[in-house]
Structure formats: C-alpha cells, structure tokens
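Chemist: Got a sequence here, can you model it:
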Amino acid sequence: MSQDLAKRKAAEAALAYVQAGRVLGVGTGSTVNIFIDLLAESGLAGKIKGAVSSSNASSERLQKIGVPVLDLNSTGELSIYVDGADESNPKLQLIKGGGAALTREKIVAAASEQFICIVDRSKQVEVLGRFPLPVEVIPMAQAYVARRIEALGGQPKLRQNVITDNGNQILDVHGLAIHDAVALETEINLITGVVCVGLFARRGADVLIVGTPEGAQIIKP
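Modeler: A predicted model of the protein is given here:
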C-alpha cells in the first residue's frame, strides 16, 4: 500500500510539468498508469493537444480518458515525456524495459524537450544492473546476440512468451554491474540484430521525481 501511495505522489508531482496546448509524451507501466488517471482527475486531459504513447496499452488508457493519441511523425518535438524506470543511478541514467516497450520509450524520450522520470525509492541504486537489463532483438538474431552479450560478461535469458509491440523478442541480461552506462549502451547497440538496449544513459532523465508516502523529492543531474 505504501508503495502505491509513493507512486501516486510521484505521478502527482509530474502534473506540474504538463503544458496546456502542447503534445505530451507518455510512457508505460504502473506509475504511468496512475499519471494517466490523474490527467483525467485534474482536468489536464482536456487542456493538452494530445499525446504520443510508447505502448499500445498506454494508448488505450489515454483514449479512454479522451486524450487524442497522435503519431510522432506528425507532431514535431514534444514538450515533456513522462515515464517510469526500473532503476536510476545518481546521474539519472536509467534501466528501462521491464514492460517490453523500451524501443518506443527511447524514441519518445529522444523527441522530447524534457524527460520527467517518476519512480518510488526502490528504483534508486548506486550502480545499475541489479535489475536485469532488457535488450530488444530481431528474433532470428536472438541466439547470436546472446552469445555476444555473454562475451561482454552478461548472462542473457530470453523473456518467455513476450513479443514486443514491434514484433521482436526481449533478452534480459543478468549479472551486470554497470559503471560506465554510456559505453555499454553504445557497445550493445552496435551488435547486429539488436533493436534497442534498455540503458537510457546517453539520454537519461532531466528530472527524477521520487515518490514517498510523505511526498515527492525532485532530483536533477
């Protein structure tokens, strides 16, 4: 119950960054679901121009509260992107992809002026890697990519019964202690067959909102 309250406090604080008349980027996950619900409760859903969503599930939730879901190709730059994370380090570099939407999440983050990341305290770590690192891969390259990641010291496991919205598979990489997130993000991205790695280091969060049952803490790099 306290974790649910912490997530709500983080989502509530993110409402302050929403700009009327602009297009909003919206991510995926349980904390984002609360944020979407709060858009409706606060009346902001009717004041924004629309939203670009990182997943089919979030798109459906936005449409249910009357927010037009737009194609990023027709919107131009977004005002803010609100999303959660599986882990964040003190530099606001992130691991994302627990919900298998990492590729679209990274695209929407790149197209946004500000990335507002909403989490509870359990997601804060000193060194990334305790949460298995998701890597989206082309299905025919899954075994090859796994071997290359093993050579980097990771222990990749195919996420069972999961196909991304892009029609691909997810390898979850265990056993990593990621001290140079930018370098590892670059190295994994260069493996042929990798669509996207769930390290958000080259483009981390601009603002981290950490929810607690007592309120929200705002952290900037």
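
Chemist: Which residues does the strand or helix carrying Val108 contact?
Modeler: Here Val108, judged by DSSP states H and E, is contained in helix 102-110. Contacts with helix 102-110, where a contact means Cβ atoms under 8 Å, 6 or more residues apart in numbering, come from 25-28, 52-55, 72, 78, 81, 83, 96-97, 115, 134, 136, 164-166, 168, 195-198, 200, 203. From N, CA and C alone the C-beta is placed, and that goes for glycine too.

Chemist: Got a PyMOL select line for the buried ones in those?
Modeler: Filtering the contacts of helix 102-110 down to the buried ones (16 or more other Cβ atoms under 10 Å) takes a single PyMOL command:
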select buried, resi 25+26+27+28+52+53+54+55+72+78+81+83+96+97+115+134+136+164+168+195+196+197+198+200+203
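
Chemist: Which of the contacts of helix 102-110 fall within strands?
Modeler: Of the positions in the contacts of helix 102-110, 25-26, 52-53, 78, 81, 83, 115, 134, 136, 195-197, 200 sit in strands, assigned by DSSP state E.

Chemist: Let me see the contact set for the nearest residue to Ala111 once chain neighbours are set aside.
Modeler: In space, and not counting its chain neighbours, Ala111 is closest to Leu78: 5.6 Å by Cβ to Cβ, 6 or more residues apart in numbering. Counting by Cβ under 8 Å, 6+ apart, Leu78 touches 22-25, 52, 72, 108, 111-113.

Chemist: Gln142 now?
Modeler: Neighbouring residues of Gln142 by Cβ under 8 Å, 6+ apart: 158, 169, 171, 193.

Chemist: buried ones in whichever strand or helix holds it?
Modeler: Here Gln142 sits within helix 142-151, counting by DSSP H and E. Going by neighbour count (16+ other Cβ under 10 Å), the buried part of helix 142-151 is 142, 145-146, 148-149.

Chemist: In the record's domain split, what are the boundaries for the protein?
Modeler: 2-124+202-219, 133-198 (automatic domain parsing).

Chemist: Between the two ends of the first one, what distance do you get?
Modeler: What that stands for is domain 2-124+202-219. End-to-end distance for domain 2-124+202-219: 21 Å, by Cα to Cα, to the nearest Å.

Chemist: Which pLDDT does the model give the spatially most distant residue from the centre of the chain?
Modeler: No residue in the chain has its C-alpha farther from the mean C-alpha position than Ala151, which lies at 26.5 Å (Cα atoms, centre = their mean). Listed pLDDT for Ala151 reads 97.

Chemist: what about it, distance to Ser53?
Modeler: According to Cβ to Cβ, to the nearest Å, Ala151 and Ser53 sit 36 Å apart.
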